[in-house]
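[1] how would this look folded up:
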Amino acid sequence: MSIDKKHFTGGESEGGITSSYATDDGVKLKVPYAFMGSIYDDAERQAVLAAMEQDSLTMGPKTQEFQNKFAAYHKVKHAFACSNCTTGMHVCTQLFDIAPGDEVITTPNTFWATSLVILKEGGVPVYADIDPRTYNIDPADVAKKITKKTKAIYVVHYAGLMVDMDPIMELAEKHGLKVLEDCAHATGAKYKGRYAGSIGDVGVFSFHSLKNISTCGEGGMITTACDEYAKGIQNLRCMNNTQPWDQSVNEWKFGDHIVCKKESPLDYWLPAHFDVIPWNGRHWGNNYRMNEIQAAVGCCQMDKLDMLTAKRQEIGRKINAGLAGVEGIETVYEPEGYEHVYHLYTLCVDEKKLGASRDDFMRVLYQEEGVQGILHYQPSFHFTGMQRLGYDQNQCPIASEFFYKRETNLPMHPRLTEQEIEDMINGIKNTVAKLRKRNCKA
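    The predicted model follows:
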């Protein structure tokens with residue numbers, strides 16, 4: 001579906017599509033696609049003001065509180081706040097020591113960031129196709145893509161439904177591979193009783209403004225059960241400066257400067273405030289910290305997570321029920337044993353049954369029924385930069401069919417009103433009826 005850029009006001013801001021899907025094309029919307037995925041109230045406002053009174057405004061007590069709450073909720077040993085999900089995944093890619101030429105199997109049905117962090121370390125993204133019903137990476141296709149160069153598998157829990165993790169972990173154990181869970185969509189999601197971010201070697205979450213909880217528009221969290229990885233994450237997210245000077249030496253001498261000799265007790269400023277050593281002798285750290293205002297908001301959002309999830313699930317299941325039996329469209333699938341958190345509501349069109357294209361469906365739904373759908377995600381290997389790297393444009397046919405022919409995402413956030421839910425359901429039914437009628441006349 002083509003988009004007239006002059007009507008795409010999100011493109012006029014520096015954030016582009018990361019900050020708005022608003023348009024100025026004259027269409028009167030009943031249900032716009034909102035860019036705030038959570039609910040803020042006096043709790044967040046008061047928490048921000050209180051955090052601003054602190055002496056430390058970054059990586060202080062609220063950050064530690066947020067990390068503790070997040071780890072306890074998701075039943076993981078360690079959680080580390082960071083600036084966003086992309087930077088968190090970059091830290092983990094360094095943690096896994098992904099080097100030039102190393103292959104990392106991932107899904108093409110994800111935001112560009114999942115591939116970006118692999119490329120930044122010189123790794124090679126290898127794409128496995130998706131399951132046509134869950135839209136998640138297909139473990140059977142992952143198995144086919146493993147080679148001697150494969151070092152890790154990066155799964156993405158698309159839309160809030162977790163990947164079938166048991167076969168992924170079996171493949172990882174069999175071939176000695178690391179597993180990263182991209183949990184950007186999946187805060188609070190469950191698979192067979194286990195939370196997102198608690199199954200792979202690491203999990204990484206997003207608190208962007210669209211997500212199920214948000215820390216002032218940006219933010220992320222890394223989870224792991226591994227103590228050694230925890231040390232690496234602390235080191236790499238904060239410029240390698242989490243370690244003190246080696247206290248086993250008797251004298252610190254730098255060039256001609258004898259700074260101090262080991263005595264007891266040492267003055268607190270000696271030999272210096274921190275030391276810098278690259279992780280694993282190779283990886284230099286980053287400034288990927290979270291500030292205290294974001295963390296204070298995150299603490300409030302964790303207190304609301306159950307409520308926010310329940311609202312999304314209630315809305316999603318109402319839409320499912322309202323559209324049951326409408327031929328030509330497919331509602332959200334929630335397999336037994338999974339807990340979908342409905343970050344996205346992905347509606348799919350069966351063009352043969354509908355008698356019209358997905359783009360025709362979106363066009364009528366938007367222009368005539370006032371419901372704004374958007375698309376997630378163009379296969380990563382179709383971007384110009386990946387074409388220039390020689391990626392096969394015809395790989396992963398299920399993912400390509402999904403994006404170009406089948407899917408649209410309806411507005412989904414916990415502030416949707418009963419009227420807006422009804423308008424979406426009726427708008428979709430009306431769109432289907434209109435398209436069938438027009439097709440018969442044609």
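[2] give me the nearest residue to E339, chain neighbours excluded.
    Nearest residue to E339 in three dimensions, chain neighbours excluded: K190, at 3.8 Å (C-beta to C-beta, 6 or more residues apart in numbering). Every residue, glycine included, has its C-beta placed from N, CA and C.
[3] check contacts around the one you found.
    Taking C-beta atoms under 8 Å, 6 or more residues apart in numbering, we find K190 in contact with 162, 196, 338-339.
[4] identify the bridge partners of it.
    Y195, E339 (DSSP bridges).
[5] poorly predicted segments of the stretch 101-250 of the chain, please.
    Within the stretch 101-250 of the chain, no range satisfies pLDDT under 70.
[6] and with 90 instead?
    Within the stretch 101-250 of the chain, the segments meeting pLDDT under 90 span 239-250.
[7] H74 against S198, yeah?
    Yes - between H74 and S198 there is a contact under C-beta atoms under 8 Å: 5.7 Å.
[8] show me the shaky parts of the stretch 301-442 of the chain.
    The model of the stretch 301-442 of the chain has pLDDT under 90 over residues 437-442.
[9] partners of the strand ranked longest in the chain in the sheet?
    Longest strand of the chain, by residue count under DSSP state E: strand 150-156. The sheet places strand 150-156 alongside strand 103-106 (parallel), strand 178-182 (parallel), with pairing taken from DSSP bridges.
[10] where do the domain boundaries of the protein fall?
    Domain segmentation of the chain under automatic domain parsing yields 5-35+305-441, 42-240+281-297.
[11] okay, these, which one's buried deepest?
    Among the domains of the chain, ranked by average contacts under mean count of other C-beta atoms under 10 Å, first place goes to domain 42-240+281-297 (a mean of 21).
[12] returning to that earlier point: give the residues shared as contacts by H74 and S198.
    The contact sets of H74 and S198 overlap at T223 (C-beta under 8 Å, 6+ apart).
[13] now the contacts of K190 in TSV, with distance to E173?
    Shown next, in TSV, are the contacts of K190 (distance: C-beta to C-beta, whole Å):
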residue	distance to E173
M162	19
A196	20
Y338	22
E339	25
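[14] export stretch 403-420 as PDB, just CAs?
    Output of stretch 403-420 as PDB, limited to C-alpha atoms (Å, rounded to 0.1, in the frame of the first residue of the first chain):
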ATOM      1  CA  PHE A 403       3.400  -8.300   5.000                       C
ATOM      2  CA  TYR A 404       2.400  -7.500   1.500                       C
ATOM      3  CA  LYS A 405      -0.900  -9.500   1.200                       C
ATOM      4  CA  ARG A 406      -2.400 -10.400   4.500                       C
ATOM      5  CA  GLU A 407      -1.800  -8.300   7.600                       C
ATOM      6  CA  THR A 408      -2.900  -5.000   9.100                       C
ATOM      7  CA  ASN A 409      -2.700  -3.800  12.700                       C
ATOM      8  CA  LEU A 410      -5.700  -2.200  14.300                       C
ATOM      9  CA  PRO A 411      -5.500   0.500  16.900                       C
ATOM     10  CA  MET A 412      -4.700  -1.200  20.200                       C
ATOM     11  CA  HIS A 413      -4.100   0.400  23.600                       C
ATOM     12  CA  PRO A 414      -5.700   0.200  27.000                       C
ATOM     13  CA  ARG A 415      -7.500   3.600  26.700                       C
ATOM     14  CA  LEU A 416      -9.800   2.400  23.900                       C
ATOM     15  CA  THR A 417     -13.400   3.100  24.700                       C
ATOM     16  CA  GLU A 418     -16.400   0.800  24.200                       C
ATOM     17  CA  GLN A 419     -17.500   3.100  21.400                       C
ATOM     18  CA  GLU A 420     -14.100   2.800  19.700                       C
END
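[15] how far off centre is that stretch?
    From the chain centre to the centre of stretch 403-420 is a distance of 18 Å (C-alpha atoms, centre = their mean, to the nearest Å).
[16] one more: stretch 288-308?
    Computed by C-alpha atoms, centre = their mean, the chain-centroid distance of stretch 288-308 equals 16 Å.
[17] before we move on, what about stretch 314-324?
    Offset of stretch 314-324 from its chain centre (C-alpha atoms, centre = their mean): 24 Å.
[18] likewise for stretch 251-267?
    46 Å.
[19] report the rounded mean pLDDT for it.
    Mean pLDDT, stretch 251-267: 83.
[20] quick one: buried residues of that stretch?
    For stretch 251-267, a neighbour-count test (16 or more other C-beta atoms under 10 Å) marks W252 as buried.
[21] which among the contacts of K190 gets closest to G328?
    Among the contacts of K190, Y338 lies closest to G328 (C-beta to C-beta), at 25.5 Å.
[22] just checking, the closest one touches Y191?
    Yes - under the criterion of C-beta under 8 Å, Y338 makes contact with Y191 at 5.7 Å.
[23] overlap in contacts, these two.
    With C-beta under 8 Å, 6+ apart, Y338 and Y191 have common neighbours M162.
[24] rewinding a little: could I get the domains of the chain as a markdown table with distance to L266?
    As requested, the domains of the chain are exported to a markdown table (distance: least, C-beta to C-beta, whole Å):
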| stretch | distance to L266 |
| --- | --- |
| domain 5-35+305-441 | 44 |
| domain 42-240+281-297 | 22 |
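[25] the ones you listed: which one's closest to D267?
    With C-beta to C-beta as the criterion, D267 lies closest to domain 42-240+281-297 of the domains of the chain, at 21.9 Å.
[26] return the distance of the closest one from the chain's centre.
    How far domain 42-240+281-297 lies from its chain's middle: 8 Å, per C-alpha atoms, centre = their mean.
[27] quick check: end-to-end length of that domain?
    11 Å (C-alpha to C-alpha, to the nearest Å).
[28] kindly report the same for stretch 159-171.
    Start-to-end span of stretch 159-171 (C-alpha to C-alpha) is 24 Å.
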